[in-house]
Every structure is written in C-alpha cells, then in structure tokens.
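> Whatever this is, show me its structure:
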Amino acid sequence: MTTSRDPSKPVHIPSGHAALFRRAVEDLVAALGRLDDTHLAAVTRLADDVHAAWQLGGKLMVCGNGGSAADSQHIVAELVGRFLAERPGYPAVALTTNTSTLTAVGNDYGFDHIFSRQVQALGGPRDVLLVLSTSGNSTNCVLAAEEARRQGMKVHGFLGGDGGRLLTLVDAALVAPSSATPKIQEIHITMGHLLCMILEKMQADPAE
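Here you go, the predicted model:
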C-alpha cells in the first residue's frame, strides 16, 4: 500500500542538498554573467544565416552527442513546433533522431560518420548546419562540418572549452564561457532559446 505525501507538511531538505542547490544556482548565474556582446553577435549571425536560408527554401540541420543531442532535438522542436509565437512551423531537422539511419551508418561506416552521411544525403548550399559540442572536438561533428562545407552550407557552432577543432570549421561560433560541461550545456540551451526568439521576431517582421 502506498500513501501520498501531505502537501501541507514541509519537506525535509538535507543540508547537503541545500548546499548543492546554492552551488548549482550560483555557478549558473556566474557563467551566464560572463556572456557578452561577442556571444550575442554569434547568435545574431546564426539567426541571420538561418533566416536567409529559410527565405531561399533551405533548412537548419542540428547535431550533437549526448546532452548536446538532446539540446539539438530541443532547439529543433521549438522551431518546428513553436516557441513563444503562434506561427507556421519552421524547417529544421535534428540529425540525432532517426535510429535506423544512425545504427545503419554507425554499423557500416563507423560512429564518426553518423552525421556527415546525413549532411551529404540531405544537405545543400541553401542549408545551415549547427553543431553542438561541449569540447569542440567531437569527431562526428567535425566530419559533419567538413561535409557541410563541401556542400556549400553555412556552418555554425555552439561550443565549449577553447572551441576545439570545430572553431576553425565554422562561420561563427558561440563558445560558452565556462570549463564545466553542465554549465556549457546550460548556456547552449539558453542561447538556443534566444535563437528561437530572434528567429520568430525576424520571421514576423523581416524588415526590422
């Protein structure tokens, strides 16, 4: 037999949990406080390229590994569905979701090629690729960026650390100002939300 907790009773919070909570919040606030106009410029340039691609009938493609795969899907869901505005869906694709393609390519060609193969098959010069990598060195993202370049696509990155190998392959990059992977990911999704806000504004008022 299970019983539900009485919501009127206070929850006992161990002191260790409270300390972790304060640390997590303080670390995130500090990381977000290090964002500046260079980071805004990177998101603005990405938004400009995506908006231009959509005007030409192109699409945004997004990829990453692990938590960055989840963030890729999150950003695409906000664009295909909606973020804040009621409007038509925008053309965006996460390269992390088709398990049959991922496992087939991984099995036949290796994990390093799971994104580049999709870029080769689905991408074109009117499209934009956004790669998410907390290290900037994920090999499958590097190969995807190189393939996107061959396809004539614009390439952007949400990166971490010193930007890694991907920093040399992208048109513009937002490099999160933190050395901690969780905080890099939290900055990436915050800036992903900013991207969605900017794109909704641009699509609603292209002349602005």
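> What lies in contact with the helix ranked longest in the chain?
Longest helix in the chain by number of residues (criterion: DSSP state H): helix 181-204. For helix 181-204, the surrounding residues in contact (CB atoms under 8 Å, 6 or more residues apart in numbering) are 27-28, 31-32, 35, 39, 43-44, 46-47, 50-51, 54, 67-68, 71, 74-75, 78-79, 83-85, 87, 90, 132, 134, 158, 160-161, 174, 176-178, 208. For the C-beta atoms, the positions are set from N, CA and C on the backbone; glycine is no exception.
> Surely V43 and A173 touch.
No. Counting by CB atoms under 8 Å, V43 does not reach A173; the two are 10.5 Å apart.
> Looking at those two now, which is surrounded by more residues?
Neighbour totals were compared for V43 and A173, and A173 leads with 24 against 20 (other CB atoms under 10 Å).
> Look up how far N65 lies from the more buried one.
Going from A173 to N65 by CB to CB, to the nearest Å gives 17 Å.
> follow-up on the earlier one: go through the contacts of helix 181-204 and flag which are in helices.
27-28, 31-32, 39, 43-44, 46-47, 50-51, 54, 67-68, 71, 74-75, 78-79.
> And the average pLDDT for the helix or strand where N140 lies is what?
N140 belongs to helix 139-150 when assigned by DSSP states H and E. Confidence over helix 139-150 (mean pLDDT, whole number) is 98.
> tell me the angle it makes with helix 67-80.
Here helix 139-150 points in a direction 50 degrees away from that of helix 67-80 (axes from the mean of the first three to the mean of the last three CA atoms, to 10 degrees).
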